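Colleague: quick one: sequence and predicted model below, then my questions.
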Amino acid sequence: MNEKANRKTDVFESDSPLVLGIESTCDETAAAVVKGTQLLSNVVASSMDEHAIYGGVIPEIASRAHAQALVPVVSKALAEANVDLSDLDAIAVSAGPGLAGCLVAGVSGAKALAWAANKPLYGVNHVIGHFAVTQLQFGQFPENTLALIVSGGHTSLLQVRDIARDISAVGSTLDDAAGECFDKIARLLGFPYPGGPFIDRYAKLGNPAAFKVPKGLTQGRTAAAHPYDFSFSGVKTSVARFVESLKAEGREIPVEDVCASLADSVAQVLSEKTIRAAKNLDAKTVVVGGGFSANSQLRQALSQAGEKNGINVRIPEVKLCTDNGAMIAVLGASLAKSGIKPSPIDFRTDSSMSLEQIVM
Ligand code: KG4
Ligand code: ZN
């Protein structure tokens with residue numbers, strides 16, 4: 001098997017490689033085709049409805065859904081792009097971080113396709129894909145770009161010197177991710193999983209100054225010790241206590257005002273710390289990625305802060321914020337274009353893949 005696969009692991013170079021991207025890290029089975037930074041198709045199937053009654057993603061259900069959806073989703077993505085497997089320059093697949101069984105479903109499928117079609121395969125970092133996707137709208141990254149990652153499991157700042165070769169961690173959450181914090185509070189407020197989008201929607205109807213929500217690591221000595229780190233567990237505890245005390249007293253919960261105060265506070269912290277890091281690291285461009293970048297309050301706060309400080313802020317259009325195949329395909333195309341060697345055919349999935357590792 002290795003002999004045939006190895007024939008295509010030579011360094012590959014093209015200005016606009018045609019790449020199929022496959023994504024299966026959580027509950028979305030997705031595939032897309034790009035030509036360089038041009039999106040030709042983008043197909044997403046979700047098993048979210050099957051998890052909603054449990055209040056969170058059940059890995060076994062998600063893995064089975066990936067196994068069932070992968071072939072139809074990939075076929076549709078190729079058909080909509082009007083290309084055949086044999087036309088592709090490369091295939092890219094999320095190799096981590098993510099749910100172990102889900103990753104295996106996507107990676108096994110991608111390996112089978114790459115083997116059958118004799119194409120180079122890149123096992124790429126899902127989280128890096130989340131901001132690599134901004135290239136579809138805004139073009140390539142300037143040499144020194146700062147990335148804010150706000151996905152369900154991560155809230156991190158990364159310095160991107162070269163999207164294909166050099167990414168280093170600047171800061172991270174010390175406890176919960178912003179998305180996780182929203183999902184937990186949403187559950188207390190009675191919203192279905194994932195609750196982030198509901199908080200966003202209700203926040204638009206409330207008063208952001210109604211309640212004081214703690215801003216972790218923004219004051220005094222802890223702020224000085226952790227200038228680019230985040231902490232959202234205090235936010236979660238404070239809002240949860242408030243909601244539970246109202247419930248215990250049988251009082252009505254002012255849902256809109258709670259959502260507005262929470263969303264405003266989190267958006268301010270994320271945007272203030274991101275802009276400060278960009279200034280200190282001399283990055284003139286900030287890219288944002290991950291499901292939470294769909295959040296209206298964060299989009300507004302970051303865009304305003306960027307304008308005020310002369311920093312170019314690139315946030316993906318909402319449909320490319322949550323998990324999709326386009327982000328994986330674009331990252332694969334960046335790697336192929338830069339002449340990065342494809343992954344060996346026996347590469348493993350890594351459910352806790354480091355955010356500094358771009359490709360397997
Ligand atoms: O990146 P993603 O799709 O999955 C991971 O790779 O983790 O992110 C999912 C997260 C969830 O926590 C979800 O509640 C949050 O993104 N999210 C939002 C919004 N849309 C998705 N949070 C706040 N406002 C939104 N509009
Ligand atoms: Zn994601």
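Modeller: All right, it came through fine. Ligands and ions are numbered 1, 2, ... in the order given.
Colleague: ligand 2 contacts on the stretch 251-360 of the chain?
Modeller: With CB under 5 Å from the ion as the criterion, the stretch 251-360 of the chain meets ligand 2 at residues Asp323. Every residue, glycine included, has its C-beta placed from N, CA and C.
Colleague: any chance you could map the helices in the stretch 251-360 of the chain?
Modeller: The residue ranges that make up the helices of the stretch 251-360 of the chain, judged by DSSP state H, counting those that start in this stretch, are 255-280, 296-309, 326-337.
Colleague: just the CA coordinates for the second one, please, in PDB.
Modeller: C-alpha atoms of helix 296-309 as PDB (Å, rounded to 0.1, in the frame of the first residue of the first chain):
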ATOM      1  CA  SER A 296     -22.900  39.500  16.600                       C
ATOM      2  CA  GLN A 297     -21.700  41.300  19.700                       C
ATOM      3  CA  LEU A 298     -18.100  40.100  19.100                       C
ATOM      4  CA  ARG A 299     -18.100  41.000  15.400                       C
ATOM      5  CA  GLN A 300     -19.300  44.500  16.200                       C
ATOM      6  CA  ALA A 301     -16.900  45.100  19.100                       C
ATOM      7  CA  LEU A 302     -13.900  43.800  17.100                       C
ATOM      8  CA  SER A 303     -14.700  45.700  13.900                       C
ATOM      9  CA  GLN A 304     -15.200  49.000  15.900                       C
ATOM     10  CA  ALA A 305     -12.000  48.500  17.900                       C
ATOM     11  CA  GLY A 306     -10.100  47.600  14.700                       C
ATOM     12  CA  GLU A 307     -11.200  50.700  12.900                       C
ATOM     13  CA  LYS A 308     -10.400  52.900  15.900                       C
ATOM     14  CA  ASN A 309      -6.800  51.500  16.200                       C
END
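Colleague: re earlier: any chance of JSON lines for the helices of the stretch 251-360 of the chain, columns mean neighbour count?
Modeller: Putting these into JSON lines (neighbours: other CB atoms under 10 Å) gives the following:
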{"stretch": "helix 255-280", "mean neighbour count": "22"}
{"stretch": "helix 296-309", "mean neighbour count": "17"}
{"stretch": "helix 326-337", "mean neighbour count": "30"}
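Colleague: Serialize those helices to TSV and add fields for mean pLDDT.
Modeller: Rendered in TSV, the data for these read as follows (pLDDT from 0 to 100):
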stretch	mean pLDDT
helix 255-280	98
helix 296-309	98
helix 326-337	98
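Colleague: adding distance to ligand 1, write the ones you listed out as CSV.
Modeller: Compiled in CSV, the helices of the stretch 251-360 of the chain are given as follows (distance: least, CB to the nearest ligand atom, whole Å):
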stretch, distance to ligand 1
helix 255-280, 8
helix 296-309, 6
helix 326-337, 9
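Colleague: so which of those gets nearest Gln68?
Modeller: Each of the helices of the stretch 251-360 of the chain was checked against Gln68 via CB to CB, and the shortest separation belongs to helix 326-337, namely 19.6 Å.
Colleague: low-confidence ranges, the protein, go.
Modeller: Per-residue confidence of the chain (counting by pLDDT under 70) places the weak regions at 1-13.
Colleague: not counting sequence-adjacent ones, nearest residue to the residue nearest the centre of it?
Modeller: Residue closest to the mean C-alpha point of the chain, counted by CA atoms, centre = their mean, is Gly290 at 2.7 Å. Using CB to CB, 6 or more residues apart in numbering and skipping the chain neighbours, the partner closest in space to Gly290 is Ser151 (3.2 Å).
Colleague: how near is the one you found to ligand 2?
Modeller: 4 Å (CB to the ion, to the nearest Å).
Colleague: coming back round to it: gap between the residue nearest to the centre of the chain and ligand 1?
Modeller: Remark: distance between Gly290 and ligand 1 (CB to the nearest ligand atom, to the nearest Å) = 4 Å.
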